[in-house]
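Q: here are the coordinates; sequence isn't available:
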């Protein structure tokens, strides 16, 4: 019953088209959706992050791109997660984390053989997405999230995050929520799997050549 209500509610909340699309001649900002199999991630240009947001980025190398993903603390941080951790995350998550990676090149050059979709946002839409991510960090009184440890690959780190992971609120619905915060016409309630996120993303842009 709750799932049906969630889908109906999501369908009624229309995206902000004026926020998503750039007008003729207006500058646009790229954001990339990356398919990692179990989950998806978002990549943004570091230069597109307004001053004062994502202070955690200072922990990483000064690369021109940043990838971010959200998920269950135990499942996401495991090198070889299995079905047991997946079920525990879906029905009894003990917390969530953000995974932030500094990328020295565009994602289609970094993730060889993986599916990457580039979406163009208006500048206000891009800033709304960046704020959505910034507000996902679980910050303390000092205004900066403590680093939990190294990430899964490259120059990366895990950080405590806000939000409770469960069957209807996954790493993939988080990516969809981020895009929707930018005004993109995407439905988070349908985006519980990486495959569906990528399917919806492809409707917004042409996949980047691999």
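A: Structure's in. What do you need? Keep in mind that what you see is a predicted model, and the values were worked out from it rather than measured.

Q: Can you pull out the low-pLDDT segments for the chain?
A: The model of the chain has pLDDT under 70 over residues 1-26, 75, 77-94, 113, 206-210.

Q: What segments of it are strands?
A: For the chain, the strands defined by DSSP state E occupy 28-35, 40-45, 65-72, 96-103, 116-122, 149-150, 155-161.

Q: TSV please, covering the ones you listed and showing mean neighbour count and distance to residue 54.
A: Glycine gets a C-beta too; all of them are placed from N, C-alpha and C. As requested, those are exported to TSV (neighbours: other C-beta atoms under 10 Å; distance: least, C-beta to C-beta, whole Å):
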stretch	mean neighbour count	distance to residue 54
strand 28-35	22	14
strand 40-45	23	9
strand 65-72	25	7
strand 96-103	24	8
strand 116-122	22	17
strand 149-150	11	18
strand 155-161	20	10
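
Q: of all the ones you listed, which lies closest to residue 139?
A: strand 155-161 (8.6 Å; C-beta to C-beta).

Q: Now do the closest one against strand 96-103, angle only.
A: Between strand 155-161 and strand 96-103, the angle comes out at 160 degrees (axes from the mean of the first three to the mean of the last three C-alpha atoms, to 10 degrees).

Q: Who are the packing partners of strand 155-161?
A: Packing partners of strand 155-161 (3 or more C-beta pairs under 8 Å, 6 or more residues apart in numbering; DSSP states H and E): helix 73-77, strand 96-103, strand 149-150.

Q: Need these in TSV (columns: distance to residue 128).
A: TSV is the format used below for those (distance: least, C-beta to C-beta, whole Å):
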stretch	distance to residue 128
helix 73-77	24
strand 96-103	18
strand 149-150	30
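
Q: Quick one: closest of the ones you listed to residue 181.
A: strand 96-103 (15.4 Å).

Q: For that closest one, what is the distance to the chain centroid?
A: Here the centre of strand 96-103 is set off from its chain's centre by 9 Å, with C-alpha atoms, centre = their mean, to the nearest Å.

Q: same for that strand, what does it pack against?
A: By 3+ C-beta pairs under 8 Å, 6+ apart, strand 96-103 packs against strand 40-45, strand 65-72, helix 73-77, strand 155-161.

Q: which residues does the residue lying closest to residue 105 once chain neighbours are set aside contact?
A: Once flanking residues are discounted, residue 105 sits nearest to residue 65: 7.2 Å by C-beta to C-beta, 6 or more residues apart in numbering. By C-beta atoms under 8 Å, 6 or more residues apart in numbering, residue 65 lies in contact with 43, 44, 45, 46, 102, 103, 104, 105, 106, 107.

Q: if you set the cut-off to 10 Å instead, what comes out?
A: Neighbour list for residue 65: 30, 32, 43-48, 101-107, 109-110 [criterion: C-beta atoms under 10 Å, 6 or more residues apart in numbering].

Q: So what sits opposite it in the bridge?
A: Beta-bridge partners for residue 65, by DSSP bridges, are residue 45, residue 103.

Q: pretty sure residue 183 is touching residue 127, no?
A: No - Residue 183 is beyond contact range of residue 127, at 11.1 Å (criterion: C-beta atoms under 10 Å).
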